[in-house]
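J.: quick one, what's the 3D model for this:
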Amino acid sequence: MRILLINNDGAGFADHIDIESGTTIERLFASQCHGAKASDYLIRINRQPASRDQMLIEGDRVSITPRKIEGAHSGGSFRTHASPAAQSAGTHGHGRRRFAAARVSALVPAAGRNLAAGG
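T.: Residues are numbered from 1 along each chain as shown. I've put the predicted structure just below:
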């Protein structure tokens, strides 16, 4: 039978592959990811989490995605950088929020502003 295998471990394109009827996801993983630990991957069938003994059926879409990407920085904080336009404007990437807040305050009547501001 034929399934679609999406190996997100840098293996290139997704491929339709032929497997034996009655193949479990655990057996497929072992045959495709030689020596790898299943606990290091997110394994999904038709975009849903799969149990190791789940049998594959014709047309299933299997994705195998590593939990950690080699070379990715772990720990610390995720930090975005402001665009050059935002830096020159002095907003450091927060200009949209300030603009949105200004638009909302212009639309809210004076009595409602106090409520909207939490007071």
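J.: now the strands for this structure?
T.: Assigned by DSSP state E, the strands in the chain fall at 2-7, 15-18, 41-45, 48-49, 61-66.
J.: mind giving me the packing neighbours of the third one?
T.: Put plainly, it is strand 41-45. Using 3 or more CB pairs under 8 Å, 6 or more residues apart in numbering; DSSP states H and E, the elements in contact with strand 41-45 are helix 25-32, strand 61-66. Every C-beta, even on glycine, is put in place using the N, C-alpha and C of the backbone.
J.: between these, which gets nearest to residue 14?
T.: strand 61-66 (8.4 Å; CB to CB).
J.: quick one: mean pLDDT for that closest one?
T.: Taken as a whole, strand 61-66 has a mean pLDDT of 93.
J.: buried ones in it, by neighbour count?
T.: 62, 63, 64, 66 (16 or more other CB atoms under 10 Å).
J.: now residue 8: how far from residue 55?
T.: For residue 8, the distance to residue 55 equals 22 Å [CB to CB, to the nearest Å].
J.: picking that back up, tabulate the helices and strands packed on strand 41-45 (JSON lines), appending distance to residue 46.
T.: Formatted as JSON lines, these follow (distance: least, CB to CB, whole Å):
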{"stretch": "helix 25-32", "distance to residue 46": "11"}
{"stretch": "strand 61-66", "distance to residue 46": "5"}
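J.: let me see the domain layout of the protein.
T.: Each domain of the chain is listed here as a residue range: 2-66, 84-116, per automatic domain parsing.
J.: comparing those, which yields the minimum mean pLDDT?
T.: Averaging pLDDT over each of those puts domain 84-116 lowest, since it has a mean of 49.
J.: tell me if I'm right that residue 43 and residue 24 touch.
T.: No. Contact status for residue 43 versus residue 24: not in contact, 11.1 Å apart, counting by CB atoms under 8 Å.
J.: list the contacts for the nearest residue to residue 22 once chain neighbours are set aside?
T.: The shortest distance from residue 22 to any residue other than its chain neighbours is 6.0 Å, reached at residue 55 (CB to CB, 6 or more residues apart in numbering). Shown in contact with residue 55 (CB atoms under 8 Å, 6 or more residues apart in numbering): 22, 23, 24, 25.
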